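*Asks:* All I have is the shape, not the residue letters:
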């Protein structure tokens, strides 16, 4: 930093502002370049699909197109046979939309218009990098699932590595699938947000426990891996506390886990059960949810939500159970495959034994 900037605050602020505006301009320029490239890929994919239907080149179609395009544009690296195939797949995935020039725009400006039966413009598909699209096309065969991951990438700013991780976790099939009474007890908008916040089942494969693990061991392991646990819960969850103490009347109540979801602006009480779901669980969790609502919830907070995560559940029984309570509760299962045989447990020292030896 120059001597002038050190003594002149207005000049220093101006330099900072110019730097911020330049970086913002770079980001917008990169996004515009990415958008134009993806629009070109979509259009090229559409044209190749149409041409391929009229020629008889067989399996060598993309090799021939690649050879001719590379000959015409030798400095461009985007026209490999594999990449051309991805462009055709890109068009086919979103072929129920049409990219057309705007009537009052320059020749290089386009808009997306839905064809008959399409629900809404797919502007989101032009907002993520091509490498992300290729990963999605590899894993998704239907548009709904592909768009789910496109929108999740935008919402959460996922890198390609993070996207690949979630593509392998059946997130689309699990997202928003908890059995709940949210539609019954919450306003429409909040109920939709609360439902979207859930999964069923939750994937706890980041844990390794003995086959006969108990509830305390599972909760200890989740807290030891709280960063991974928060990642599995989803974006927006902030950890408030485990065994969170509430003074309710003349009693002390301890909540398994208490979180706050910053997107939904509400507390989330999570109870973990390492057994089958019991209808009696609703009374305990419902009491905790009502207590948090009455004691912790502030004026700007939405209604507190409860989530019961159990080993297994009978879905019919769970549906009856949630509809019998008047506070918002969801019920999900969890999966965990990394289990050690019981014999390993006896040969391994416990934390207490290690601490004793260290003393």
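*Replies:* Nice, thanks for sending it over. Please read all numbers here as calculations on a predicted model, not as lab measurements.
*Asks:* Okay, now the unreliable bits of the stretch 1-150 of the chain?
*Replies:* 1-7, 57-58, 97-122 (pLDDT under 70).
*Asks:* any idea how far residue 131 is from residue 330?
*Replies:* 35 Å (CB to CB, to the nearest Å). C-beta: built from backbone N, CA, C; applies to glycine.
*Asks:* Name the residue in the two with the higher neighbour count.
*Replies:* The neighbour count for residue 330 versus residue 131, taken as other CB atoms under 10 Å, is higher for residue 330 (27 against 11).
*Asks:* Torsion angles phi and psi at the more buried one?
*Replies:* The phi/psi pair for residue 330 (degrees, to the nearest 10) reads phi -120, psi 150.
*Asks:* which residues sit in contact with it?
*Replies:* 178, 179, 180, 182, 194, 195, 198, 305, 306, 307, 308, 322 (CB atoms under 8 Å, 6 or more residues apart in numbering).
*Asks:* Just the ones of those in helices?
*Replies:* 182, 194, 195, 322 (DSSP state H).
*Asks:* These into a markdown table, with extra columns for distance to residue 166?
*Replies:* Converted to a markdown table, those look like this (distance: CB to CB, whole Å):
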| residue | distance to residue 166 |
| --- | --- |
| 182 | 23 |
| 194 | 21 |
| 195 | 19 |
| 322 | 27 |
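*Asks:* Past the helix or strand containing residue 18, which element shows up next along the chain?
*Replies:* Remark: residue 18 resides in helix 9-52, with elements defined by DSSP states H and E. Per DSSP H and E, helix 9-52 leads on to helix 61-72 as the next helix or strand towards the C-terminus.
*Asks:* Between helix 9-52 and that following helix, find me the angle.
*Replies:* Angle of helix 61-72 versus helix 9-52, following axes from the mean of the first three to the mean of the last three CA atoms, to 10 degrees, is 130 degrees.
*Asks:* and for helix 61-72, what are the contacting residues?
*Replies:* 48, 52, 55, 57, 76, 79, 80, 81, 82, 84, 85, 88.
*Asks:* List the buried residues in that helix.
*Replies:* By neighbour count on 16 or more other CB atoms under 10 Å, the buried set for helix 61-72 is 61, 62, 65, 66, 69.
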